[in-house]
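1. only geometry, no sequence info:
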């Protein structure tokens with residue numbers, strides 16, 4: 001879509017410094033830069049304003065904002081950072097965030113399952129429960145062939161999302177888009193037998209109510225992404 005091209009082009013230019021902090025511009029300037037229509041550029045600017053990359057005022061026009069104002073948890077901003085000169089910093093920050101959150105979420109998910117004393121935990125978590133987590137792990141384990149990269153990534157994203165949601169913590173659950181974007185960046189990395197086994201062990205620990213094992217497995221999974 002033209003809109004996506006325009007938004008990605010402007011967002012990437014801001015994040016990589018082509019349009020530096022403090023740069024003043026206008027809708028007409030962005031139209032000339034992108035070659036898109038004013039209506040598309042206006043819509044893209046609305047998104048950039050919402051992401052904290054640009055400020056807009058009737059008298060002052062458009063101005064590029066510093067990185068401290070960016071919504072760095074938005075998948076689009078994450079993607080622009082990963083594609084730019086800030087990539088290694090962004091990767092380190094993503095790993096640190098995941099290391100702080102996902103093991104705790106895995107432990108919480110195991111505690112929810114243990115406390116439920118029932119084969120399903122959906123009544124207390126609002127998710128499809130432990131069975132769906134095990135099913136995602138099974139799909140991940142089955143998608144290890146040379147032509148299974150897309151299926152593996154989809155199962156990996158689903159497994160991590162379900163762990164976050166099964167934790168019962170709404171804030172953890174909202175971070176699934178951040179984790180999903182981090183996993184997308186590894187789409188070209190083939191599945192490793194040890195990593196697959198760790199994901200299966202994670203799912204089994206959670207569904208077995210073992211919070212310690214679940215947290216340890218998740219922590220190891222995240223640590224291995226930086227290896």
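-> Received it, and whenever you're ready, just let me know what you need. All values derive from a computational prediction rather than experimental measurement. Residues are numbered from 1 along each chain as shown.
2. Now do the same contact list for residue 40.
-> Contact analysis of residue 40 by C-beta atoms under 8 Å, 6 or more residues apart in numbering lists 2-3, 6, 34. In this view, the C-beta of every residue, glycine as well, is placed from N, C-alpha and C.
3. what does the model give residue 119 for pLDDT?
-> With respect to pLDDT, residue 119 has a value of 46.
4. about what we covered before: mark which of the contacts of residue 40 are buried, thanks.
-> 6, 34 (16 or more other C-beta atoms under 10 Å).
5. Closest one to residue 129 out of the contacts of residue 40, please.
-> residue 3 (37.8 Å; C-beta to C-beta).
6. rewinding a little: widest-spaced pair of the contacts of residue 40?
-> The most widely separated members of these, counting by C-beta to C-beta, are 3 and 34 (10.3 Å).
7. Need the residues touching each of those two.
-> Overlap of the contact sets of residue 3 and residue 34 (by C-beta under 8 Å, 6+ apart) consists of 40, 44.
8. follow-up on the earlier one: how about the contacts of residue 40 in a markdown table, adding distance to residue 206?
-> Below are the contacts of residue 40 laid out as a markdown table (distance: C-beta to C-beta, whole Å):
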| residue | distance to residue 206 |
| --- | --- |
| 2 | 43 |
| 3 | 40 |
| 6 | 42 |
| 34 | 46 |
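9. At the geometric centre of the protein, which residue sits there?
-> Nearest to the geometric centre of the chain sits residue 178, at 2.1 Å (C-alpha atoms, centre = their mean).
10. Distance check, the nearest residue to that residue once chain neighbours are set aside against residue 174.
-> Leaving aside its sequence neighbours, residue 178 sits nearest to residue 73 (C-beta to C-beta, 6 or more residues apart in numbering; 5.5 Å). Using C-beta to C-beta, to the nearest Å, we find residue 73 at a distance of 9 Å from residue 174.
11. And residue 165, by the same measure?
-> 9 Å.
12. Please say which of these two ends up with more neighbours.
-> Taking other C-beta atoms under 10 Å, residue 165 and residue 174 do not tie; residue 165 has more neighbours (23 against 12).
13. can I assume that one sits in a helix?
-> Yes: Residue 165 sits within a helix when classified using DSSP: H, G, I helix; E, B strand; the rest coil.
14. where along this structure do the strands fall?
-> 24-25, 54-57, 61-64 (DSSP state E).
15. looking at the ones you listed, which is buried most?
-> Ranked by mean neighbour count under mean count of other C-beta atoms under 10 Å, the strands of the chain are led by strand 61-64, which reaches a mean of 17.
16. Mind giving me the packing neighbours of it?
-> Other elements packing on strand 61-64 under the criterion 3 or more C-beta pairs under 8 Å, 6 or more residues apart in numbering; DSSP states H and E are strand 24-25, helix 27-34, strand 54-57.
17. So for residue 83, which of those sits nearest?
-> Residue 83 sits nearest to helix 27-34 of all those, at 17.5 Å, using C-beta to C-beta.
18. just for the chain, where's the confidence low?
-> Filtered on pLDDT under 70, the chain yields the residue ranges 117-128, 227.
19. show me what contacts the residue of it positioned farthest from its centre?
-> When distances to the mean C-alpha position of the chain are computed (C-alpha atoms, centre = their mean), the maximum falls on residue 59, with 36.3 Å. By C-beta under 8 Å, 6+ apart, the contact list for residue 59 is empty.
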